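Engineer: build the 3D model from these lines:
(chains A, B and C)
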Amino acid sequence: MDWLIYFDLFGVFVFALSGGFDGAKYKLDLFGILVLAVATGVGGGIMRDALLGAHPPAAFLNQSYFVVCIVGGLIAFFFARKVERHFMYVRAADAIGLGVFSAMGAAIAVQSGLGWVGVILISTLTATGGGVIRDLLVREIPLILRADFYACNAIFGALTYLVLHHFAVDDTTTLLSAAIVATTSRFLAIRYNFYLPQARGHRS
Amino acid sequence: MDWLIYFDLFGVFVFALSGGFDGAKYKLDLFGILVLAVATGVGGGIMRDALLGAHPPAAFLNQSYFVVCIVGGLIAFFFARKVERHFMYVRAADAIGLGVFSAMGAAIAVQSGLGWVGVILISTLTATGGGVIRDLLVREIPLILRADFYACNAIFGALTYLVLHHFAVDDTTTLLSAAIVATTSRFLAIRYNFYLPQARGHRS
Amino acid sequence: MDWLIYFDLFGVFVFALSGGFDGAKYKLDLFGILVLAVATGVGGGIMRDALLGAHPPAAFLNQSYFVVCIVGGLIAFFFARKVERHFMYVRAADAIGLGVFSAMGAAIAVQSGLGWVGVILISTLTATGGGVIRDLLVREIPLILRADFYACNAIFGALTYLVLHHFAVDDTTTLLSAAIVATTSRFLAIRYNFYLPQARGHRS
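Structural biologist: You can find the predicted model right below:
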């Protein structure tokens, strides 16, 4: 699958955008925004590669990852001057990146021979790692804790991948379906504001 | 030592509980609590395995770790509805997990052939890593910085392990003694409120 | 280059000092300060080694790293009682460590056969990783996002290393030049308060 790298780079790009818009929200300067774009874009993949023993991680070998992050950060920087509602853009870019990385993480974990729990964990870590780094750096409580069903959406993507892979569906369909299920479920969760019960029985 | 995995899983369970109670304290929803329980339960061990070159870390290979975290998170979720003083439960579960992981970290570092400083560092990292991730995710200053003697308790556990191991005491006794020394010293530090001097000579 | 280890230890020492002074600023007790000194001193190098596949990282094998961190932390602890302006000391120690680690990171990345983007990324990560861990632990927005040109200074160091290495300048001159360029550019940025445009066109 030659196009796999482009699929991965697309995920990196939208996560870099989400990091850039988040930086603009906090009025960081140009370099702060670029740093946040790089950390958000490649953070999840680097964590995945480090845990699976791919040394050095792909983002340090292929300079396309870095270039794509910088482009994403610059677009966020210049576009953010014109728009007011950065928050919406952070969320939308985050949802698309979540889907792409959930599928990529599942594919690489399956290739590494992990069992279904390992696949779900690596997929979720890949899909949410960059966003957690982004939120920690700007001192927000990470979306993965705050947003209802957030991790759940990545898990939906991983499960879709596992089921289609189990029934020997071709790799392209499996990967795209997993990404689409995860991203769509995330948009639905944002749109219809699904929520889960809280421990104390009331919402703060 | 076949029971070693059960000992490790017990540590994962109490740390998952501490993460779950912490999530309930911040009124996270069910999934936020489960995410925090998983991150706290397996975080320290994953950091240890990644640094020692065990790829992929045990938590991704053996699904028991994941299941135990989910059970710990669910118990915290349902029990937290009934109790008011989550903070005390977080601290107590944290103290037990600290001891178990301090002993496990020391054992694995000794097996990896590290020297005494390496053993102490890996033991402390294993014992405190999950808690640091938990505290960072909910934006608290980590216990390891705030709580008097916190890292010290993990170091007591590592030293106990090193001394007993040096005198060729059997592995089971060595491991249990290290865990008991670390946990007991932590409970004593909480109970008697030991404190150390501060840099500016007064407490804030 | 036998003196390379001393150069690295010097970087660890000044970063440990910066962590210690930061701990004093937040009125942590003695152990909190030592923990912060160790995490800041060896954090960047451990992240570098983990990503490049050096298991276990140098800081766990050579106890000098640990001892140097403790000495740095103790000096910060006792000296901080006498001085009021901790912030200035954190920044100055941080700038020197930034230069040393930027050069060390570039040297190790070149040895590992990475391309120029990989060298710049590993150099920047080594130089800024410890500081990011320090700032996250005390809940500040990391300098790498806030401080104008911060990551840029590490990149200047990496580029200096790459250019001199390309023209086959001897290793000692290359390494020292990279460190001096990075640290000097950081001091200039602090002194003259350079800043970059912000996304919204005004400074908060």
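
Engineer: mind checking which helix or strand of chain A has the lowest mean pLDDT?
Structural biologist: One helix or strand of chain A scores below all others by mean pLDDT, DSSP states H and E: helix A:143-146, with a mean of 80.

Engineer: hmm, who's touching stretch A:66-77?
Structural biologist: Stretch A:66-77 has contacts (C-beta atoms under 8 Å, 6 or more residues apart in numbering or on different chains) with A:9, A:12-17, A:19-21, A:23-24, A:30, A:33-34, A:36-38, A:41-42, A:59, A:89, C:117, C:120-121, C:199. Any C-beta I mention is one placed from the backbone N, CA and C, and that applies to glycine too.

Engineer: give me the distance between that stretch and the centre of its chain.
Structural biologist: Offset of stretch A:66-77 from its chain centre (C-alpha atoms, centre = their mean, to the nearest Å): 16 Å.

Engineer: return the set of buried residues in that stretch.
Structural biologist: Residues of stretch A:66-77 classed as buried by neighbour count (16 or more other C-beta atoms under 10 Å in any protein chain shown): A:66, A:68-77.

Engineer: can you tell me if the strand or helix carrying residue A:6 touches chain C.
Structural biologist: If you go by DSSP states H and E, residue A:6 is part of helix A:4-25. Yes: Helix A:4-25 lies within reach of chain C by C-beta under 8 Å from any C-beta of the partner chain, at A:23-24.

Engineer: ok, the closest residue to residue A:61 other than its chain neighbours - contacts?
Structural biologist: Spatial nearest neighbour of residue A:61, excluding adjacent residues (C-beta to C-beta, 6 or more residues apart in numbering or on different chains): residue C:118 at 6.2 Å. By C-beta under 8 Å, 6+ apart, the contact list for residue C:118 reads A:56, A:60-61, A:63, C:109.

Engineer: before we move on, what about residue A:90?
Structural biologist: A:18, A:21-22, A:25.

Engineer: that's a helix at it, yeah?
Structural biologist: Yes: assigned with DSSP: H, G, I helix; E, B strand; the rest coil, residue A:90 falls within a helix.

Engineer: measure it to residue B:69 for me?
Structural biologist: 29 Å (C-beta to C-beta, to the nearest Å).

Engineer: indicate the residue of chain A located nearest to chain B.
Structural biologist: residue A:53 (2.8 Å; C-beta to the nearest C-beta).

Engineer: list phi and psi for that residue.
Structural biologist: Dihedral angles of residue A:53 (phi, psi; degrees, to the nearest 10) stand at phi 80, psi 20.

Engineer: tell me where chain A has helices.
Structural biologist: A:4-25, A:30-52, A:58-61, A:63-80, A:86-111, A:116-137, A:143-146, A:150-166, A:171-192 (DSSP state H).

Engineer: for residue C:183, find the nearest of those helices.
Structural biologist: helix A:30-52 (17.7 Å; C-beta to C-beta).

Engineer: does any part of that closest one sit near chain C?
Structural biologist: Yes: using C-beta under 8 Å from any C-beta, helix A:30-52 comes into contact with chain C via A:30-36, A:46, A:50.

Engineer: ok, residue A:90 to residue C:179 distance?
Structural biologist: In this view, residue A:90 and residue C:179 are 37 Å apart by C-beta to C-beta.

Engineer: what's the answer for residue A:13, then?
Structural biologist: 34 Å.

Engineer: between those two, which one's more packed in?
Structural biologist: Neighbour totals were compared for residue A:13 and residue C:179, and residue C:179 leads with 27 against 22 (other C-beta atoms under 10 Å in any protein chain shown).

Engineer: buried ones in the least confident helix or strand of chain A, by neighbour count?
Structural biologist: Those would be A:143-145, for helix A:143-146 by 16+ other C-beta under 10 Å.

Engineer: touching chain B at all, it?
Structural biologist: Yes: using C-beta under 8 Å from any C-beta, helix A:143-146 comes into contact with chain B via A:144-146.

Engineer: residues contacting the closest residue to residue A:142 other than its chain neighbours?
Structural biologist: Closest residue in space to residue A:142, ignoring its immediate chain neighbours: residue A:135 at 4.1 Å, by C-beta to C-beta, 6+ apart. Applying C-beta under 8 Å, 6+ apart to residue A:135 gives the contacts A:22, A:141-143.

Engineer: can you pick out the most distant pair from those?
Structural biologist: Using C-beta to C-beta, those reach their maximum pairwise distance at A:22 and A:141, which is 13.4 Å.

Engineer: those two: which is more packed in?
Structural biologist: Using other C-beta under 10 Å, the more surrounded residue of residue A:22 and residue A:141 is residue A:22, with 28 against 17.

Engineer: not counting its neighbours along the chain, what's nearest the more buried one?
Structural biologist: Sequence neighbours aside, residue A:90 is the residue nearest to residue A:22 in space, at 5.0 Å (criterion: C-beta to C-beta, 6+ apart).

Engineer: who are the packing partners of the least confident helix or strand of chain A?
Structural biologist: Other elements packing on helix A:143-146 under the criterion 3 or more C-beta pairs under 8 Å, 6 or more residues apart in numbering or on different chains; DSSP states H and E are helix A:116-137, helix A:150-166, helix B:30-52.

Engineer: so what does the shortest one touch, helix or strand wise?
Structural biologist: Under the contact criterion of 3+ C-beta pairs under 8 Å, 6+ apart, the helices and strands touching helix A:150-166 comprise helix A:86-111, helix A:116-137, helix A:143-146, helix A:171-192, helix B:30-52.

Engineer: related to what we said a few turns ago, name only those of the contacts of residue C:118 that count as buried.
Structural biologist: So, by 16+ other C-beta under 10 Å, the buried ones in these are A:56, A:60-61, A:63, C:109.

Engineer: count of residues packed around the residue nearest to residue A:23 when sequence neighbours are not counted?
Structural biologist: Excluding the flanking residues, the one nearest residue A:23 by C-beta to C-beta, 6+ apart is residue A:33, at 3.7 Å. Residues lying near residue A:33 (other C-beta under 10 Å) number 29.

Engineer: for residue A:33, list the residues it contacts.
Structural biologist: Neighbours of residue A:33 in contact, by C-beta under 8 Å, 6+ apart: A:19-20, A:23-24, A:73, A:76-77, C:199.

Engineer: low-confidence regions, chain A specifically.
Structural biologist: Within chain A, the segments meeting pLDDT under 70 span A:1-2, A:82-87, A:148, A:194-204.

Engineer: what's the closest non-adjacent residue to residue A:120?
Structural biologist: Sequence neighbours aside, residue A:158 is the residue nearest to residue A:120 in space, at 4.6 Å (criterion: C-beta to C-beta, 6+ apart).
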